[in-house]
Structure formats: C-alpha cells, structure tokens
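Chemist: got a structure for you, letters missing:
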C-alpha cells in the first residue's frame with residue numbers, strides 16, 4: 001500500500017499535522033503549552049524533528065492582562081505574554097498565536113510557520129526548550 005504523505009513536500013506534511021492538532025482545540029486561549037506539546041509529539045511520531053519551545057510573545061498594544069492566571073504576579077509587563085510554540089528546522093510553528101491578533105500590527109495566520117525573515121518572527125522570544 002502506497003503512503004501518499006511520503007510524496008508531499010515536508011512543508012505540506014508539517015502543516016497537515018498542525019491543522020489536525022489545532023482542530024482538537026477550538027479555543028486556544030491559555031492552552032499554548034498543551035497544544036505545543038501535542039504538536040511536537042505528533043510531528044516527532046511522523047519522523048519530523050520538532051522541539052517544544054517556551055518563551056515570550058511580544059505585543060504591540062497592551063493586552064497581557066487578558067492572559068494572566070490568578071497565580072501570576074500583578075504589575076507585569078503589559079506587552080509581554082508567556083507563550084509556547086514548536087520549532088521545526090529553525091522555523092517557528094505556532095498553532096495558537098492567532099489569539100494575539102488584536103494586540104499586534106502584523107497579520108497572524110491561523111497556523112504560523114515562519115523563518116527569521118518574516119516580520120512576525122520578531123515577536124517571538126525563545127527562553128528554552130521543554131522536554132515534551
């Protein structure tokens with residue numbers, strides 16, 4: 001039996017897996033860690049090296065208060081949100097970034113899959129990798 005995924009470019013394969021995982025989470029707000037863990041696992045299971053990244057997402061307009069949990073300290077930076085995503089071959093793969101659209105001046109697609117040259121890449125600040 002022929003596996004059609006073997007004949008698709010890896011870019012399309014990555015996006016297909018990302019779409020399937022994203023569909024499991026109708027509301028991504030506050031779920032970036034869980035979504036990133038599941039996405040990294042699905043990609044690695046498909047033979048695509050992926051790393052779960054922990055970091056910050058920088059906003060153009062104040063709005064971080066919307067994402068704070070009760071345990072978070074008060075008085076934090078209103079332009080920085082703690083955020084998780086996946087790194088695939090040096091690219092940012094983020095299936096939960098769309099939730100920040102109202103606070104940034106550049107377009108955010110439903111599935112972000114970008115390299116360093118994309119203006120949106122400047123909004124990501126990598127702090128470390130999680131053991132997914």
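Modeler: Cool, got the structure. In this text, all values refer to a predicted model and were calculated from it rather than measured experimentally. Residues are numbered from 1 along each chain as shown.
Chemist: tell me the centre residue of this protein?
Modeler: With distances taken as CA atoms, centre = their mean, residue 94 lies nearest the centre of the chain, 2.2 Å away.
Chemist: quick check: it touching residue 86?
Modeler: Yes - with contact defined as CB atoms under 8 Å, residue 94 reaches residue 86; the gap is 7.2 Å. The way it works is simple: take the backbone N, C-alpha and C, and place the C-beta from them, glycine included.
Chemist: what residues do these two have in common as contacts?
Modeler: Here residue 94 and residue 86 have residue 36 as joint contacts, going by CB atoms under 8 Å, 6 or more residues apart in numbering.
Chemist: now do the contacts for the residue nearest to the centre of the chain.
Modeler: Residue 94 touches 32, 36, 85, 86, 111, 112, 113, 124, counting by CB under 8 Å, 6+ apart.
Chemist: farthest pair within those?
Modeler: 32 and 113 (15.5 Å; CB to CB).
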